[in-house]
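S.K.: how would this look folded up:
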Amino acid sequence: MIDILTYLVAFLLYSLVGWLIWRSLYGQSASQAKGEESAAKTVRYVHYVMLVPLMLHALVLYRTILAGTGLNLGVGSAISLIVWLTAFVYWFSGFFNRYQGLQTLLAPIAAAAAIAVVLPLVFPSLKPLENTEFPAFKAHLIVAMSAYSLLTIAALHAVLMTVVEYQLHHPAAHSLLTNLPPLLAMEKLLFAILWAGFILLTLTLLSGVVFSKEVFGQPLTFTHKTLFGFISWGTFAALLIGRQFYGWRGRIAIRWTLAGFVMLLLAYIGSKFVLEVVLNR
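M.R.: You can find the predicted model right below:
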């Protein structure tokens, strides 16, 4: 009963945070200075309130994943964990002035987190993960989840850059995301996130290949997950090399980022969804 109540409260608080930000930012006319000032104050206030559902979400993940003797990281818990890490990174970035404009994204992120927090109930883990007693496995899992979260944020930035670019070519078009930073600033941030995520993804793949016996308790086996993982790594590597030596930017960077993210999604979440939900294994 207490666990269900925690899920419910976290869901309601995430929904409340998203609604408050949406109403304060998008319910006011952009030409009204007082409305913009009031909206900014509401966002700052709600930014601190966001900590409560984040903590409840973390508690839900802790009880779900660490319940029993092993790690229960099913597809629902995996998606929930990645969304929580993404929400936490955006929430934490709100304490830095140069990223204040990105706080408008807390509305859709809070809405996504509200759905993600109840996913472990909808798609419960069928069985605990094996070999979780190995320290190497735990380190591998932490690095992998961090890489997925950062690259999820990179994909979201790529989508937002598309919106900002559209606004530059269609200045008369109305957009709900008028408070985003300039395109060049977002592009610089995108590649900073990509580099961090790429380094962690490299460590994830290396630990899985070189220390497969220590991490998974068995020699490396070639699977669809492995294939898509390396395709994703190659896509991000090509993008970063293209940026470094050929100055890739704009739409090219956006397309390559999204392509790499789709491959990464198929490598982990896609594989787990097929195995656990479709094949029920």
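
S.K.: pLDDT below threshold where in the stretch 1-150 of the chain?
M.R.: For the stretch 1-150 of the chain, applying pLDDT under 70 flags the ranges 1-2, 25-40, 42-43, 67-71, 97-104, 125-136.

S.K.: Recalculate using a threshold of 80.
M.R.: Scanning the stretch 1-150 of the chain with the threshold set as pLDDT under 80 gives 1-3, 21-44, 65-75, 93-106, 123-142.

S.K.: need the strands for it, in chain order.
M.R.: Counting by DSSP state E, counting those that start in this stretch, the stretch 1-150 of the chain has no strands at all.

S.K.: residue ranges for the helices of it, please.
M.R.: Here the stretch 1-150 of the chain has its helices, by DSSP state H, counting those that start in this stretch, at 2-26, 33-49, 51-65, 75-93, 106-116, 119-122, 135-169.

S.K.: could those helices go into JSON lines alongside mean neighbour count and distance to residue 210?
M.R.: All C-beta spots, glycine's among them, are computed from the backbone N, C-alpha and C. Formatted as JSON lines, the helices of the stretch 1-150 of the chain follow (neighbours: other C-beta atoms under 10 Å; distance: least, C-beta to C-beta, whole Å):
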{"stretch": "helix 2-26", "mean neighbour count": "18", "distance to residue 210": "38"}
{"stretch": "helix 33-49", "mean neighbour count": "14", "distance to residue 210": "41"}
{"stretch": "helix 51-65", "mean neighbour count": "19", "distance to residue 210": "26"}
{"stretch": "helix 75-93", "mean neighbour count": "21", "distance to residue 210": "23"}
{"stretch": "helix 106-116", "mean neighbour count": "22", "distance to residue 210": "32"}
{"stretch": "helix 119-122", "mean neighbour count": "18", "distance to residue 210": "32"}
{"stretch": "helix 135-169", "mean neighbour count": "19", "distance to residue 210": "10"}
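
S.K.: Can you check which of the ones you listed gets nearest to residue 237?
M.R.: helix 135-169 (12.7 Å; C-beta to C-beta).

S.K.: Contacts only, for residue 112.
M.R.: Contacts here follow C-beta atoms under 8 Å, 6 or more residues apart in numbering; on that basis residue 112 touches 83, 87.

S.K.: where's the residue lying closest to residue 229 once chain neighbours are set aside relative to residue 78, distance?
M.R.: Leaving aside its sequence neighbours, residue 229 sits nearest to residue 267 (C-beta to C-beta, 6 or more residues apart in numbering; 4.2 Å). Residue 267 sits 12 Å away from residue 78, going by C-beta to C-beta, to the nearest Å.
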